[in-house]
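Participant: Sequence and predicted structure below; questions after.
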Number of protein chains: 2
Amino acid sequence: MSDRPLIGILGGGQLARMMVLAGLPLGLRFRIADPDAGACAGEIASLATLAYSEHEALARFFEGADALTFDFENVPAQTASFLAQCFVVRPSANALAVAQDRLEEKRLFRRLGFATAEFAPVDGADDLPRAISAVGLPALLKTRRLGYDGKGQVRIEEPARAEEAWRAIGSVPALLEAVVPFSAELSLIAVRGVDGSVLCYPPVMNWHHRGILAASLAPAPIAAALAERAQSMARSILSELDYVGVLALELFVRDGELLANEIAPRVHNTGHWTIEGAETSQFENHLRAVLGWPLGAVRPRGHALMINFVGRLPERRAALAVAGLHWHEYGKTPRAGRKLGHATLLAEDPGALARALEQASALFGDRSIAGEVARVLAASAGVR
Amino acid sequence: MSDRPLIGILGGGQLARMMVLAGLPLGLRFRIADPDAGACAGEIASLATLAYSEHEALARFFEGADALTFDFENVPAQTASFLAQCFVVRPSANALAVAQDRLEEKRLFRRLGFATAEFAPVDGADDLPRAISAVGLPALLKTRRLGYDGKGQVRIEEPARAEEAWRAIGSVPALLEAVVPFSAELSLIAVRGVDGSVLCYPPVMNWHHRGILAASLAPAPIAAALAERAQSMARSILSELDYVGVLALELFVRDGELLANEIAPRVHNTGHWTIEGAETSQFENHLRAVLGWPLGAVRPRGHALMINFVGRLPERRAALAVAGLHWHEYGKTPRAGRKLGHATLLAEDPGALARALEQASALFGDRSIAGEVARVLAASAGVR
């Protein structure tokens, strides 16, 4: 069994769990470190309960690993740097550091010539007036670090409430960002191998509810030129960061133009559709990349709609009666705002997907999103 | 977590392992019993080392299970009967008993009006002359019980060697079976739900090497009428046995006619292609059936070729460079004649599959089989 590569994962949530499920058939073994003893990937892989600050203990636990990677993007970059002294760590600590800091991320986008929402750094409350006059209102005040799923951000409607917002995010270094009147939210999963080869899945269209992803439609029904532009942006980022592994790029469409919003240096919720909807899943491709193996084809297999289960799981048995539905539970205890699972509807064309969606509207936490997806699908089926 | 159904599996080999991999996303939990402490499914599920004769211990281990099922078809039917007193056991002990006895199996086929190879029971050495004159030579002397992968059978070419063959199979109740001059070996995976609904995957064409499956081509390039006849045979068997779960039916084609060869009351090696090649895998559909859930669609997604890895694993990294290749390792220690893994090549049409096969011939234990598959694919692509 000695030729079965060993992968260490920092973070043991559903992303690690799905990596393990994708990696076992590839012959991989896994060790997972997470501060939470109940991390759901521990059901199927060796799990150590360790804080990310316990550098030495992490190094001992991962001893013998062929590569280390991440389920959680907010593992401190210094932990990654420390581990990189004795392990292959992919993506790199530097890529992690850029993605962890909204200001660094925006600077990267600007350096690569991408449009972004207007923004201004806010290092202290004193910076607020200048930032507001530069960016305008309404705007979002976002912590530079540790924000995800709508956490660490507050909307400011009027200047008088700015200081209150600053206190609400914890009086930490932040960014004031214009609220973008977008026509669509897109994202794209790309993977880069050790040899610099890059493959991009098609962009997907996303809907959020209370700051958390609710649904992703793949491929996004957008013009080919826009999809190509998104893929070329992802390629630039991967190359600039000398990145290895899967990266997600989130984008807004405003007046037909793409605005770079943020990157995630890991497999991503908007890529879950690839498990059934693409020739090779994002999880398998991330592992292939991290191990320096050839990447797998990213061609979509039909049209997919991924629906997130947040806070509660719908009735499983009823859902399984929906034609083309694939069910994914993460084995987590239900809690408000927690991602517990997802389902992917797969169909040959947007019309068939729209019909499947009609049977699946009970799966949506917010039914109005089912309606929005249906409208996009109807328009897209009509165009074809 | 209490609403996560618990499945008990008797036998912990690669079939159980792939059931677990399919069942975890469905929210299932698993307990597995196997006499071998190193059974490969134990890597990802709770494994108890128990003999199948330890009825009470098995019942204690499986306590609380929503259903029990099988990875191994030769679990004694009396074990299944015992467990059925306190558990839902699917398929039933009766279905298991029929499939475990070649004579009962053949009688079932005859009762349903299926053609089979000529055969005669051989309960003792004294029966050999009569059996030989009824069946003719060459013929195969097969034990009634415990035969699989070519085990428990000896070929008899001349009457003088018949008694030697009888001793070679262990002087146990047997069947003398004519050697069928078949033009193709087919098999078919079908699944029957608790409500009696049946879904059949398309028949596949198989090649064996030294009695062990080497490759399966799905769908089999055969006339639609032949495929329909095979599916109707499977339906008859499922209904006759009041079967619940996945069943495999193996068939020979002789002079354009289908001969029933044998059934396996479980997920089957010739159904591994369904993981990527069909909308719902045989593993997921078996679990759905066993739990009384709706079955998933069995439509093929393109054309698939499954290649078995027996005794040794090919070089993994080189294999992953083949377009459309999906790799499956079982985590078993290599040993001659042992099934260690498989790969599935997936393509949109037989021509594309033939091109992928050209790059993948190193994966075959016996290269001549790659050549035979290539010839069948070329003929099939030509016909289209």
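Facilitator: Right, received. Where do you want to start?
Participant: Going by C-alpha atoms from here, please, whenever you check contacts or count neighbours.
Facilitator: Will do.
Participant: just checking, what packs against the helix or strand containing residue A:110?
Facilitator: Using DSSP states H and E, residue A:110 maps to helix A:102-111. Applying 3 or more CA pairs under 8 Å, 6 or more residues apart in numbering or on different chains; DSSP states H and E, we find helix A:102-111 packed against helix A:93-100, strand A:257-264.
Participant: Just put those in JSON lines and tack on distance to residue A:359 and mean pLDDT.
Facilitator: Converted to JSON lines, the helices and strands packed on helix A:102-111 look like this (distance: least, CA to CA, whole Å; pLDDT from 0 to 100):
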{"stretch": "helix A:93-100", "distance to residue A:359": "38", "mean pLDDT": "95"}
{"stretch": "strand A:257-264", "distance to residue A:359": "32", "mean pLDDT": "96"}
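Participant: Export stretch A:344-360 to CSV, keeping only CA atoms.
Facilitator: Output in CSV follows, covering the C-alpha atoms of stretch A:344-360 (Å, rounded to 0.1, in the frame of the first residue of the first chain):
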residue,chain,number,x,y,z
THR,A,344,-27.5,18.9,-8.3
LEU,A,345,-30.2,18.7,-11.0
LEU,A,346,-28.7,17.5,-14.3
ALA,A,347,-30.4,17.6,-17.7
GLU,A,348,-29.6,17.6,-21.3
ASP,A,349,-30.7,21.1,-22.1
PRO,A,350,-32.1,24.2,-20.3
GLY,A,351,-35.7,23.3,-21.2
ALA,A,352,-35.3,19.9,-19.5
LEU,A,353,-33.6,21.5,-16.6
ALA,A,354,-36.5,24.0,-16.2
ARG,A,355,-38.9,21.0,-16.1
ALA,A,356,-36.8,19.3,-13.4
LEU,A,357,-36.7,22.6,-11.4
GLU,A,358,-40.5,22.7,-11.4
GLN,A,359,-40.5,19.5,-9.4
ALA,A,360,-37.7,20.6,-7.2
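Participant: Identify each buried residue in it, please.
Facilitator: For stretch A:344-360, burial by neighbour count (16 or more other CA atoms under 10 Å in any protein chain shown) applies to A:344-347, A:350-351, A:353-354, A:356-357, A:360.
Participant: how about the helices of the stretch 151-300 of chain A, start to end?
Facilitator: A:162-168, A:224-240, A:274-277, A:282-290 (DSSP state H, counting those that start in this stretch).
Participant: Pull out the buried residues from the helix holding residue A:110.
Facilitator: For helix A:102-111, burial by neighbour count (16+ other CA under 10 Å) applies to A:102-103, A:105-106, A:108-109.
Participant: how far off helix A:93-100 does that helix point, in degrees?
Facilitator: 100 degrees (axes from the mean of the first three to the mean of the last three CA atoms, to 10 degrees).
Participant: Any idea how far helix A:102-111 is from the middle of the chain?
Facilitator: Centre-to-centre, helix A:102-111 and its host chain are 18 Å apart (CA atoms, centre = their mean, to the nearest Å).
Participant: Contacts made by it with the rest, please.
Facilitator: A:98-99, A:115-116, A:121, A:143-145, A:175, A:237, A:260, A:262-263 (CA atoms under 8 Å, 6 or more residues apart in numbering or on different chains).
Participant: of all of the stretch 151-300 of chain A, which residue lies closest to chain B?
Facilitator: residue A:294 (5.5 Å; CA to the nearest CA).
Participant: Can I get stretch A:285-293 as CSV, trimmed to CA atoms?
Facilitator: Coordinates of each C-alpha in stretch A:285-293 appear next as CSV, following Å, rounded to 0.1, in the frame of the first residue of the first chain:
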residue,chain,number,x,y,z
ASN,A,285,-8.8,18.0,-10.4
HIS,A,286,-7.6,19.8,-7.2
LEU,A,287,-6.1,16.5,-6.0
ARG,A,288,-4.5,15.8,-9.4
ALA,A,289,-3.0,19.3,-9.5
VAL,A,290,-1.7,19.1,-5.9
LEU,A,291,0.0,15.8,-6.6
GLY,A,292,1.5,17.1,-9.9
TRP,A,293,-0.6,14.6,-11.9
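Participant: Tell me which residues touch the residue nearest the centre of chain A, please.
Facilitator: For chain A, the residue nearest the mean C-alpha position is residue A:268 (3.0 Å; CA atoms, centre = their mean). Contacts for residue A:268 were tallied using CA under 8 Å, 6+ apart; they are A:15, A:189, A:247-248.
Participant: any chance of the helices and strands packed on helix A:102-111 in CSV, plus mean neighbour count and distance to residue B:283?
Facilitator: Converted to CSV, these look like this (neighbours: other CA atoms under 10 Å in any protein chain shown; distance: least, CA to CA, whole Å):
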stretch, mean neighbour count, distance to residue B:283
helix A:93-100, 22, 38
strand A:257-264, 21, 33
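Participant: give me every residue that touches the residue in the stretch 251-384 of chain A that chain B sits nearest to.
Facilitator: Relative to chain B, the nearest point of the stretch 251-384 of chain A is residue A:328 (4.3 Å; CA to the nearest CA). For residue A:328, the contacting residues are A:341-343, B:25-27, by CA under 8 Å, 6+ apart.
Participant: same thing but 10 Å
Facilitator: Residue A:328 is in contact with A:14, A:18, A:272, A:308-309, A:316, A:340-344, B:22-27, counting by CA atoms under 10 Å, 6 or more residues apart in numbering or on different chains.
Participant: what about the residue nearest to it when sequence neighbours are not counted, which SS state?
Facilitator: Once flanking residues are discounted, residue A:328 sits nearest to residue B:25: 4.3 Å by CA to CA, 6 or more residues apart in numbering or on different chains. Under the three-state scheme (DSSP: H, G, I helix; E, B strand; the rest coil), residue B:25 adopts coil.
Participant: Next one: residue B:25 from residue B:289, what distance?
Facilitator: Distance, residue B:25 to residue B:289, using CA to CA, to the nearest Å: 16 Å.
Participant: Comparing those two, which shows the higher neighbour count?
Facilitator: Legend: neighbour count by other CA atoms under 10 Å in any protein chain shown for residue B:25 and residue B:289, higher for residue B:289 (27 against 22).
Participant: where's that one relative to residue A:353, distance?
Facilitator: From residue B:289 to residue A:353 the distance is 25 Å (CA to CA).
Participant: Run a quick neighbour tally on the closest residue to residue A:50 other than its chain neighbours.
Facilitator: Excluding the flanking residues, the one nearest residue A:50 by CA to CA, 6+ apart is residue A:35, at 4.7 Å. By other CA under 10 Å, 17 other residues sit near residue A:35.
Participant: right, and residue A:35 touches residue A:72 too?
Facilitator: No - assessed by CA atoms under 10 Å, residue A:35 is found out of contact with residue A:72, at 11.4 Å.
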